[in-house]
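Student: here is my input, please return the structure:
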Amino acid sequence: QVQLVESGGGLVQAGGSLRLSCVLSQHTAGTSVMAWFRQAPAKEREFVAAINWNGGKLAYAESVKGRFTISRDPAKNTCDLQMTSLEPEDTAIYYCAADRRQPWATPMTTHEYFYWGQGTQVTVSS
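Tutor: Numbering: from 1, shown residues only. As a prediction, the model looks like this:
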């Protein structure tokens, strides 16, 4: 059973930074694309960032480009999201996702990811 566990969420003031981390529980993490999505209250879950299996391809939502950085450590089966210059609009539950079907790609839609974490709350105060 593949499991993803997120950590690192919290409350931060606008302009601050947070680092989210996701641990993938199986050795097959090395053959999975990993991504972060977020969901604000009363809104649909939206793509934030993705990184392919070897870290050679990255993708970001326009709203976070230049502020967020996705990375992964294959040895630790982890995927991190460094968030800087946070804005109140970044407030949401952040979900880690993974999928093995196209590990070379960086899909941006929820239906292209099979494995999901439980989410971690990020709140940015103004």
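Student: tell me the buried residues in stretch 35-49?
Tutor: Buried positions in stretch 35-49, judged by neighbour count with 16 or more other CB atoms under 10 Å: 35-38, 45, 47-49. All C-beta spots, glycine's among them, are computed from the backbone N, C-alpha and C.
Student: what does stretch 104-116 give?
Tutor: So, applying 16+ other CB under 10 Å, buried residues of stretch 104-116: 106-108, 110, 112-113, 115-116.
Student: ok, and what's touching it?
Tutor: 2-4, 24, 32-33, 35, 37, 45, 47, 50-53, 57-59, 61, 95-102 (CB atoms under 8 Å, 6 or more residues apart in numbering).
Student: same check on stretch 35-51?
Tutor: 20, 22, 33-34, 57-61, 64, 68-72, 79, 81, 90-98, 106-110, 113, 119, 122.
Student: quick one, strands of this structure?
Tutor: 4-7, 10-13, 18-24, 33-39, 46-51, 58-60, 68-73, 78-83, 92-99, 115-116, 120-125 (DSSP state E).
Student: now render these as a markdown table, adding mean pLDDT.
Tutor: A markdown table is the format used below for the strands of the chain (pLDDT from 0 to 100):
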| stretch | mean pLDDT |
| --- | --- |
| strand 4-7 | 94 |
| strand 10-13 | 98 |
| strand 18-24 | 96 |
| strand 33-39 | 97 |
| strand 46-51 | 98 |
| strand 58-60 | 98 |
| strand 68-73 | 96 |
| strand 78-83 | 97 |
| strand 92-99 | 96 |
| strand 115-116 | 94 |
| strand 120-125 | 98 |
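Student: from these, which stretch is densest packed?
Tutor: Among the strands of the chain, strand 33-39 has the highest mean neighbour count (mean count of other CB atoms under 10 Å), at a mean of 25.
Student: show me what Arg72 is bridged to.
Tutor: Per DSSP bridges, the residues bridged to Arg72 are Cys79.
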